[in-house]
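In: Sequence and predicted structure below; questions after.
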Amino acid sequence: MQDERRAALEAAQVKALRLFASIEAAGLIKAGRAEREVEKNIFALAERDFGVTQHWHRRIVRSGPNTLTTAADYPEVRTIEPDDTVYIDLGPVFETWEADIGRTYAVGDDAEKHRLVADLPHVFDQVQAHYRASPEITGAELYAFAQAAADGAGWVFGGAIAGHLLGEFPHSRWPGERPRMVIWPANTAPMRLPDHLGRERHWILEIHLVDRARTFGGFYEQLL
């Protein structure tokens, strides 16, 4: 059963990655397009080509200074400009399984912004490897490690959290204390404690990097 749940979540993630590939192929992310317009296009594409009618969280498209904000924020909608970074955070539901994928794009030729985009998966891999090598790690400890990894790569960690639980839809209604459901300083419990049904818990890891001047950022997430 444990392996089946993980396999189902990984299969949902593969489908979400295919959705991202379709978004890229359709050229939805480019200068001159409003963030809200891109969000609506993604919803239509997901329904038409992937049969997705449910999203466990709202579709998020952030560009320029809005890439400094998190999912909890509601910044003023802006239009993508020629040298922006743009991040997309999607939570499609495939059958009963949640996916959660975040990716960032550098629209123009700015070298630092392209460096940030390239660094995001590397920092993700570094934090993931630390988690897998640390059986007793707590959410607070992994969050601190993510901050240190961001700093080591020359960036600031921009997220209030570094991830959260994921599973069968809707995981957000599962019983339990919220501090233990996210990767952040308040979660002092071991991340590998079983869930409310005694099952293995599955986590999403979020890497949010911003430049030290806090003028632009990027976001990357997927299964931990």
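Out: Nice, thanks for sending it over. Numbers count the residues shown, from 1 in each chain.
In: How about Leu209: what's its closest non-neighbour residue?
Out: Spatial nearest neighbour of Leu209, chain neighbours left out: Trp155 (4.1 Å); criterion: CB to CB, 6 or more residues apart in numbering. The C-beta positions use only the backbone N, C-alpha and C, and glycine is treated the same way.
In: which residues touch the one you found?
Out: 116, 119, 123, 209-212 (CB atoms under 8 Å, 6 or more residues apart in numbering).
In: Apply 10 Å and report the result again.
Out: 115-116, 119-120, 123, 149, 207-212, 217-218 (CB atoms under 10 Å, 6 or more residues apart in numbering).
In: cool, Tyr74 as well?
Out: Here Tyr74 is in contact with Arg58 (CB under 10 Å, 6+ apart).
In: Run a quick neighbour tally on Leu120.
Out: Using other CB atoms under 10 Å, Leu120 has 25 neighbouring residues.
In: That one and Gly158 touch, don't they?
Out: No. Distance between Leu120 and Gly158: 11.3 Å, which falls outside the contact criterion (CB atoms under 10 Å).
In: Between those two, which contacts overlap?
Out: Joint contacts of Leu120 and Gly158 (CB under 10 Å, 6+ apart) are 150, 207-209, 217-219.
In: so which of these would you say is closest to Arg192?
Out: Arg192 lies nearest to Ile207 out of the shared contacts of Leu120 and Gly158, by CB to CB, at 20.4 Å.
In: Would you map the helices across the chain?
Out: 2-25, 35-50, 111-132, 139-152 (DSSP state H).
In: Tell me which of those sits most buried.
Out: helix 139-152 (a mean of 19; mean count of other CB atoms under 10 Å).
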